[in-house]
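K.L.:
model the following, please.
(one chain, ligands or ions: 2)
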Amino acid sequence: MTNMNPLVTTVALAAVLVSLPTPLTAQTPAEVRQAAKGALIEPLPAKMPGAEKDTPALVALGKKLFLDKRLSTNNSQSCNSCHNVEGKGGGVDNEATSPGAFGKRGGRNSPTVLNAGLQLAQFWDGRAADLVAQAKGPILNPGEMAMPSEVEVVKKLGAATDYPPLFDKAFSGAGAKISYENIAQAIAAFERTLITRDRFDDFLKGSDKALSALELKGANLFLTTGCTTCHTGPLIGGGMYMKVGLVNPYENTSDMGRFDVTKDNDDKFKFKVPTLRNIALTAPYFHDGKIATLPEAVKKMAWLQLGKELKDDEIKAIVAFLGSLSDKSRASAK
Ligand code: HEC
Ligand code: HEC
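P.N.:
Ligands and ions are numbered 1, 2, ... in the order given. Below you'll find the model as predicted:
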């Protein structure tokens, strides 16, 4: 190699150095934005698909239904009881598993309804295709609102003085005004308004100051550690099913997840990859609610899904970044 041009050698060496991972502190906002784009992470859209034809009357009716305990058999429980969307509410009940109308707990953690309509399907196992199909479930579920039948639900609302005029207004022209289908349609229309606005999207749209130095470091770690193999797209999740315990097994194997829907052996222990938007507001974590805190969830994820042991300061930075995904109005609510 005696004839090698020293300049070429230097350039080649420099290229090697550049391709090595750069220290985290050197990561600029522009580079983090580029990495986010590479992971298909972009700001949440202005409107949810399907919201184009939602009228204010339909949305208002849906909100009233969502908050109304009369939708449960003993008037004890509304959708909002398990998916609190008011004030600081992250669209969940912050319980490991939720007590139903008669106090008995189900087996799964209540996922957030915030941004839910942007996901590929509903429920941890994806068994409902969309918000309308989903809304028909809990009202009749004996472990949730426990109404005896669709007919009884329609009868109950029809006999109330407040609902008939509101259905007339929301469904002008529709044949059956108070019907189980229309109840679900109205609730879904309200849920389609639940898009959240956070500082990370401000950052993605160009505001460098929207994130603190620690949050920026965390964003970079999140984007370079492998988390975005699964937590991708505008929701930073919500777009695919993945096995929990992909690399190292998860200790709770009592819930087979998507397997119960498809009966396909490949789907054992697969769950919908949850959205990480508003994740700081929705403790406890995982489908079984067994993971109490966000640092624990991050540490566990790295180990279970990637076979990596994150250091404490890395976990701290990622958790800080995840905090920037909270809806601004909820994060600041009293
Ligand atoms: C008793 C508590 C409880 C009540 C009441 C309740 N839910 Fe849920 N909800 C849950 C739980 C638990 C899940 C997850 C169940 C599963 O995945 O198998 C869920 C799932 C959902 C999802 C899917 C979210 C996602 O990310 O997959 C939506 C949307 C939703 N509920 C909306 C509603 C609406 C609308 C109502 C009222 C008609 C309602 N819920 C009533 C507990 C409740
Ligand atoms: C191979 C796919 C995959 C990878 C990689 C992955 N996750 Fe997850 N993540 C999931 C799945 C699936 C769940 C749901 C687990 C469950 O409910 O049991 C989940 C759940 C979570 C939760 C809890 C969400 C909730 O609502 O309860 C957090 C937080 C999380 N992941 C963060 C991360 C972070 C941070 C990384 C990178 C260190 C990461 N994940 C890597 C698939 C993945």
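K.L.:
can you list the residue ranges for helices in the stretch 201-334 of the chain?
P.N.:
Secondary structure of the stretch 201-334 of the chain (DSSP state H, counting those that start in this stretch): helices at 213-225, 259-262, 294-306, 312-323, 328-331.
K.L.:
ligand 2 is nearest to which of those helices?
P.N.:
Each of the helices of the stretch 201-334 of the chain was scored for nearness to ligand 2 using Cβ to the nearest ligand atom, and the closest is helix 294-306 (3.5 Å). (Glycine included, C-beta is placed from N, CA and C.)
K.L.:
mean confidence for the closest one?
P.N.:
Per-residue confidence for helix 294-306 averages out to 98 on the pLDDT scale.
K.L.:
can you list contacts of that helix?
P.N.:
225-227, 230, 242, 244-250, 279-280, 283, 285-286, 291, 308-310, 315-316, 318-319, 322 (Cβ atoms under 8 Å, 6 or more residues apart in numbering).
K.L.:
what about ligand 2: which of those touch it?
P.N.:
By Cβ under 6 Å from any ligand atom, the members of the contacts of helix 294-306 lying near ligand 2 are 225-227, 230, 242, 244, 246, 279, 285-286, 318.
K.L.:
let's see if you can find the most crowded of the residues you listed.
P.N.:
When neighbours are taken as other Cβ atoms under 10 Å, the top entry among those is Ile318 (27 neighbours).
K.L.:
gap between that residue and Ser212?
P.N.:
Ile318 is 13 Å from Ser212, where distance means Cβ to Cβ, to the nearest Å.
K.L.:
and the spatially closest residue to Gly226 that is not a sequence neighbour, how many residues sit next to it?
P.N.:
By the measure of Cβ to Cβ, 6 or more residues apart in numbering, the closest residue to Gly226 outside its immediate chain neighbours is Leu306, 4.7 Å from it. As a burial measure, the neighbour count of Leu306 was computed by other Cβ under 10 Å and equals 17.
K.L.:
one more: the one 4 residues further on?
P.N.:
Residues lying near Leu310 (other Cβ under 10 Å) number 20.
K.L.:
what about it, distance to Ala283?
P.N.:
Leu310 is 19 Å from Ala283, by Cβ to Cβ.
K.L.:
just Val319 next, same as before
P.N.:
11 Å.
K.L.:
same check on Glu309?
P.N.:
Between Glu309 and Ala283 the distance, using Cβ to Cβ, works out to 22 Å.
K.L.:
what about those two, which has more around it?
P.N.:
Neighbour totals were compared for Glu309 and Ala283, and Ala283 leads with 19 against 9 (other Cβ under 10 Å).
K.L.:
and Asp168, that's in a helix?
P.N.:
Yes. Judged by DSSP: H, G, I helix; E, B strand; the rest coil, Asp168 forms part of a helix.
K.L.:
that one against Lys177, yeah?
P.N.:
Yes. Proximity of Asp168 to Lys177 meets the contact threshold set by Cβ atoms under 8 Å, at 5.8 Å.
K.L.:
which of these two has more neighbours?
P.N.:
Lys177 (19 against 14).
K.L.:
which residues touch that one?
P.N.:
Contacts for Lys177 were tallied using Cβ under 8 Å, 6+ apart; they are 164, 167-168, 171.
K.L.:
what's the PyMOL line that selects buried ones from these?
P.N.:
Those of the contacts of Lys177 that count as buried under 16 or more other Cβ atoms under 10 Å are selected in PyMOL with:
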select buried, resi 167+171
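K.L.:
closest to ligand 1 out of the contacts of Lys177?
P.N.:
Once Cβ to the nearest ligand atom is applied, the member of the contacts of Lys177 that ends up nearest ligand 1 is Phe167, at 16.0 Å.
K.L.:
grab the nearest non-local neighbour of that closest one.
P.N.:
In this structure, Phe167 finds its nearest non-sequential neighbour in Lys177, 4.3 Å apart by Cβ to Cβ, 6+ apart.
K.L.:
would you mark the buried spots in stretch 309-318?
P.N.:
In terms of neighbour count (16+ other Cβ under 10 Å), stretch 309-318 has its buried residues at 310, 314-318.
K.L.:
now pLDDT too, for those residues, in TSV please.
P.N.:
What follows is the buried residues of stretch 309-318, written out as TSV (pLDDT from 0 to 100):
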residue	pLDDT
Leu310	97
Glu314	97
Ile315	98
Lys316	98
Ala317	98
Ile318	98
